[in-house]
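> Predicted coordinates and the sequence they were generated for:
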Amino acid sequence: MRVYALHAGLIVLLFALHFLLPAYHHGNLARVMVLASYAIGYNILFGYTGLLSLGHALFFAAGLYGMGLGIQHLGLAPAPAFLLGLVAGAVVSGGLALLALRTSGVAFMIVTLMFAQAGYLTLLYFGTYTRGDEGFVIAQASRALWGIDLSDPGNRYLAALILFGTCLLLSLWLVRTPFGRVLVAIRENEERVRMLGYDTFAHKLAAMVISGTIAAAAGAGYGLLFGYAGATFASVQYSIFPLLWVLLGGAGTVLGPFVGTLFMFYLIDLSSGITTAYMLIAGVVLVALTLFAPQGLMGEVRRRLWKGLP
Amino acid sequence: MIPKSGPKATTRRGALTTLAGGVAAAGLPLWARYSHAQTAAPIKIGFQVHRTGIGAAYGRWYDRTTQAAVKLINEGGGINGRMVEIIAEDDGTDPKRGAEVVEKFTNQHGCDIGFGTLFSHVVIGSAPRAGELKLPYFVVSEGHHVASGKLNRYTLQPGITDVKSQVQAMAPYVASTLGKKVTMIFPDFAFGHDHRDFFTAAMQAQGGEVLEQIAIPPAETSFTKYFPKIPRETEVLYHVMVGPAVLTFVKELGEFFGGQGPALFGFIDSLEAVAIDSPGLEFLENSYFWEGMCRNAQPGQSAHETAYRAAVGVNEQGASLSDPKDVATYAHMFGCWETLHVVKAGMEASGYAGPQDRAKLIEAVEAMTDIPESLAHPQGAKLFNGRTHQVFGHQNISQVRGGQLVRVHTTSIEDTLYPDEVDYTTQAF
């Protein structure tokens, strides 16, 4: 009960902040919520199942382009375009899972990285449709969902909150189901889980599809809310970001992805106001965190304060 | 020790008097600030600068040019009597951060305008936010994105010409002087595709033909295997490779032809911030380059350009006065200088007083047409098209002779014009 109160409390707090925050931080938080949804997806595979993927940008981009190309070339309305993004994410992550899950450990990292890179180059290659690295604008007129203009700051914030809240609660529910317990068990000792009679391949496959689809939802949401789709989002750094956010916030905690994304966003934003060498500050802080809070911020909370934190 | 004489007993009247005086005193600076707001507060220009990421070399010089232009403007009394303040934020040459920086300018710093973006993907990623936040966004990108109608009424490019007009203006010279049979080598992403499409069409219009279009995948590090695809009858090889592999590209191309090949024509974009006499670039001798503004000081350089060159701290070789190894992005960076002067002219014409006048500022810039050559526009005269928000200007073709870029041709502005693809003035603010 306490657990649900905590997570619902965060959503209520974010809703309250909608009325309180000044414009700049209000806009930032909307973006952080969308990116945190991406990190939540990543956390299901990395934090709970123990599979370190270096190719999640492929899924984020699948959602972004599934939605964006749907609007741009098929003339879809935002809702079906968003769904197309989700389907694209599910199909791409399912396809990659079938191939990549034949490997494990370092090989899994390399295979996911390579496929994501192939996906990135594919976007460039089909520049006639995707406009490649330059990307394209998703016009304001085609971003009205049931008459609600998603480019309006208030609507954007609430839409981001709905996306984030859904992903957060889904993730919380998922990791507390028997299915989620099996994922954690796979992370801890896959051999033993298999010995107990579970089909670990099927579980990992499902985890990857869920993870990829949530990442795609974040990608589609990003495009709809911020009006741009570009191949940069498929590049390798956008695979590293969710790993970084999840590690900082606490891998294998439901709130960790949000905390990590928020922390990283403001670390860059505030340090860049102090010096042009802000990457140095960010780097030192990250090193310090890794030294003193190796399980991430929420991981430390779990270790020191609340052992039962999911 | 306790002082013997304690404070006087407080009376109600005394307290009220003190309080009223205190409130008035506390409020005074606010009144003072308010009465000065129209005249003394600086005009804040948010400068979206590529300090890190792939655009860093350009960003460094865009920054220097911007600071030099602002210094000149402020020395001349600022804009409408107000000083100009540059608020620079690094966008990491990343479209996501670019959009965030635009939000920072508008909602945190309270900037009057945004300015200075170069890389197309950052422009296209940021422009929707600038439009939504109603922040006039003056880009210095040379992308065709503004004039193609992809962006919005708040995005303008008044200080640098776009790739479509540049490429198109090269075709008459290439066809008449270098040859009519062209093979193109370009990177296989949007920048290369723009060159491929615009130049192929422009050559056909000149009665020439593009024999082969060779697209090089972005991650390629070795190019020799592509060169046998160049048809034997090629008279001109048009190349626009960019990025870290460009030196390898030029070297391998030189080794392949051994000085016997077709005429080489390229865009200086490949070699901005790179010394033309770098080891391995000897093969470029006698080859031709597009230049927005000529890196090497040319004979008969205008007084305006001489003054500009000194102001931005660049020597006659196109390198930094303080470090001759630090080569400028000279062919492009004038765009920052000229854009800031267009902003100044626009703000003065519209009587710009604050963010409430942003629409007036845009209308004033849209109303501009002929822009004569001057210290504010040292690259040359320009023609601004208010409907497409794009400026047009002269283009230069230079030949490498003895390690120097020597201008051999300057196009007319008419050579660079093409039919409008959008009319932004029909869009509401």
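Now that the structure is in, tell me what you want to look at.
> quick one: secondary structure of residue B:361?
Three-state assignment for residue B:361 (DSSP: H, G, I helix; E, B strand; the rest coil): helix.
> Verify the stated contact: it with residue B:348.
No - the pair residue B:361 / residue B:348 is not scored as a contact, 10.0 Å apart, by C-beta atoms under 8 Å. Where you see a C-beta, it was placed from the backbone N, CA and C, and this is true even at glycine.
> who's more crowded, the two?
Remark: of residue B:361 and residue B:348, residue B:361 carries more neighbours, 22 against 13, as counted by other C-beta atoms under 10 Å in any protein chain shown.
> Chain B contacts on chain A?
For chain A, the contact set with chain B under C-beta under 8 Å from any C-beta of the partner chain comprises A:22-24, A:27-28, A:31, A:117, A:121, A:124-125, A:127-128, A:131-138, A:140, A:151, A:153, A:226-228, A:230-233, A:269, A:272, A:276, A:278-279.
> Selecting buried members of those residues in PyMOL, what would you type?
Burial among those is assessed by 16 or more other C-beta atoms under 10 Å in any protein chain shown; the matching PyMOL selection reads:
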select buried, chain A and resi 24+27+28+31+117+121+124+125+127+131+132+133+134+135+136+137+138+140+151+153+226+227+228+230+231+232+233+269+272+278+279
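> Inside strands: which ones of the residues of chain A next to chain B?
A:136, A:137, A:228 (DSSP state E).
> and those residues as CSV, adding pLDDT?
CSV is the format used below for these (pLDDT from 0 to 100):
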residue, pLDDT
A:136, 94
A:137, 94
A:228, 94
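> Stretch B:96-112 spans what distance, first to last residue?
For stretch B:96-112, the first-to-last residue distance is 21 Å (C-alpha to C-alpha, to the nearest Å).
> if I pick the closest residue to residue B:186 other than its chain neighbours, what's in contact with it?
Excluding the flanking residues, the one nearest residue B:186 by C-beta to C-beta, 6 or more residues apart in numbering or on different chains is residue B:192, at 3.3 Å. By C-beta atoms under 8 Å, 6 or more residues apart in numbering or on different chains, the contact set of residue B:192 is B:186, B:215, B:216, B:240.
> Specify which member of those residues is nearest to chain A.
Distance to chain A, by C-beta to the nearest C-beta, is smallest for residue B:215 among those, at 8.7 Å.
> Surely that closest one is within a strand?
Yes - membership of residue B:215 in a strand is supported by three-state DSSP.
> Tell me the bridge partners for it.
residue B:186 (DSSP bridges).
> I'd like to know how far it sits from residue B:209.
Per C-beta to C-beta, to the nearest Å, residue B:215 is found 18 Å from residue B:209.
> Next: residue B:336.
Relative to residue B:209, and taking C-beta to C-beta, residue B:336 is found at 38 Å.
> Same check on residue B:217?
25 Å.
> Equivalent analysis for residue A:8, please.
For residue A:8, the distance to residue B:209 - C-beta to C-beta - is 68 Å.
> show me what contacts whichever residue of the stretch 301-429 of chain B sits closest to chain A?
Closest contact between the stretch 301-429 of chain B and chain A, by C-beta to the nearest C-beta, is at residue B:427 (10.3 Å). Listed by C-beta under 8 Å, 6+ apart, the contact partners of residue B:427 are B:152, B:153.
> at 6 Å instead, please
residue B:153 (C-beta atoms under 6 Å, 6 or more residues apart in numbering or on different chains).
> go on, residue A:306?
Contacts of residue A:306 (C-beta under 6 Å, 6+ apart): none.
> so it, which of the three states?
From three-state DSSP, the assignment for residue A:306 is coil.
> could you check whether stretch B:138-155 is close to chain A?
Yes - Stretch B:138-155 reaches chain A (C-beta under 6 Å from any C-beta of the partner chain) through residue B:150.
> Next, the distance between the ends of that stretch.
6 Å.
> Let me know the average pLDDT across that stretch.
Mean per-residue pLDDT for stretch B:138-155: 94.
> Just the residues contacting it, thanks.
A:137, B:115-118, B:120, B:123-124, B:127, B:130-131, B:136-137, B:156-157, B:159-160, B:162-164, B:335-336, B:339, B:388-390, B:421-422, B:424, B:427.
> Nearest residue to the middle of chain B?
residue B:140 (2.5 Å; C-alpha atoms, centre = their mean).
> Chain neighbours aside, what residue packs nearest to that one?
residue B:335 (3.9 Å).
> again with residue B:125
residue B:95 (2.5 Å).
> tell me the contacts of that neighbour?
Residues near residue B:95 by C-beta under 6 Å, 6+ apart: A:230, A:232, B:121, B:122, B:125.
> circling back: so which helix or strand takes in the residue nearest to the centre of chain B?
Under DSSP states H and E, no helix or strand contains residue B:140.
> what's the spacing between residue B:258 and residue B:225?
Per C-beta to C-beta, residue B:258 is found 17 Å from residue B:225.
> Kindly report the same for residue B:286.
For residue B:286 relative to residue B:225 (C-beta to C-beta), the value is 25 Å.
> between those two, who's got more neighbours?
More crowded of residue B:286 and residue B:225, by other C-beta under 10 Å: residue B:286, with 12 against 9.
> List phi and psi for the more buried one.
The phi/psi pair for residue B:286 (degrees, to the nearest 10) reads phi 70, psi 0.
> Equivalent analysis for the one 5 residues further on, please.
Here the main-chain torsion angles of residue B:291 (degrees, to the nearest 10) amount to phi -140, psi 130.
> Please name the bridge partners of it.
Residue B:291 forms beta bridges with residue B:396, as assigned by DSSP bridges.
> Going along the chain, name the strands of the stretch 251-400 of chain B.
Ranges of strands in the stretch 251-400 of chain B, per DSSP state E, counting those that start in this stretch, are B:263-267, B:288-291, B:370-371, B:382-385, B:390-393, B:396-401.
> Going along the chain, name the helices of the stretch 201-310 of chain A.
Taking DSSP state H, counting those that start in this stretch as the criterion, the stretch 201-310 of chain A contains helices spanning A:237-249, A:256-274, A:278-292, A:296-304.
> Only the buried residues of the third one, if you could.
When burial is assessed from 16+ other C-beta under 10 Å, helix A:278-292 yields the following buried residues: A:278, A:279, A:281, A:282, A:286, A:289.
> Closest to residue B:197 out of these?
residue A:279 (37.0 Å; C-beta to C-beta).
> before we move on, the earlier item: which of the strands of the stretch 251-400 of chain B is buried the deepest?
Comparing these by mean neighbour count (mean count of other C-beta atoms under 10 Å in any protein chain shown), strand B:390-393 ranks first with a mean of 26.
> Remind me what it packs against, helices and strands.
strand B:382-385 (3 or more C-beta pairs under 6 Å, 6 or more residues apart in numbering or on different chains; DSSP states H and E).
> contact partners of the strand it packs on?
B:158, B:368, B:369, B:371, B:391, B:392, B:393, B:413.
> wait, doesn't the fifth one sit right on residue B:158?
Yes - under the criterion of C-beta atoms under 6 Å, residue B:391 lies in contact with residue B:158, with a separation of 4.9 Å.
> ok, the residue nearest to the spatial centre of chain A - contacts?
For chain A, the residue nearest the mean C-alpha position is residue A:38 (1.0 Å; C-alpha atoms, centre = their mean). Residues near residue A:38 by C-beta under 6 Å, 6+ apart: A:60, A:215, A:218, A:242.
> secondary structure element for it?
helix A:23-43.
> tell me the angle of that helix relative to helix A:237-249?
Per axes from the mean of the first three to the mean of the last three C-alpha atoms, to 10 degrees, the angle that helix A:23-43 makes with helix A:237-249 is 90 degrees.
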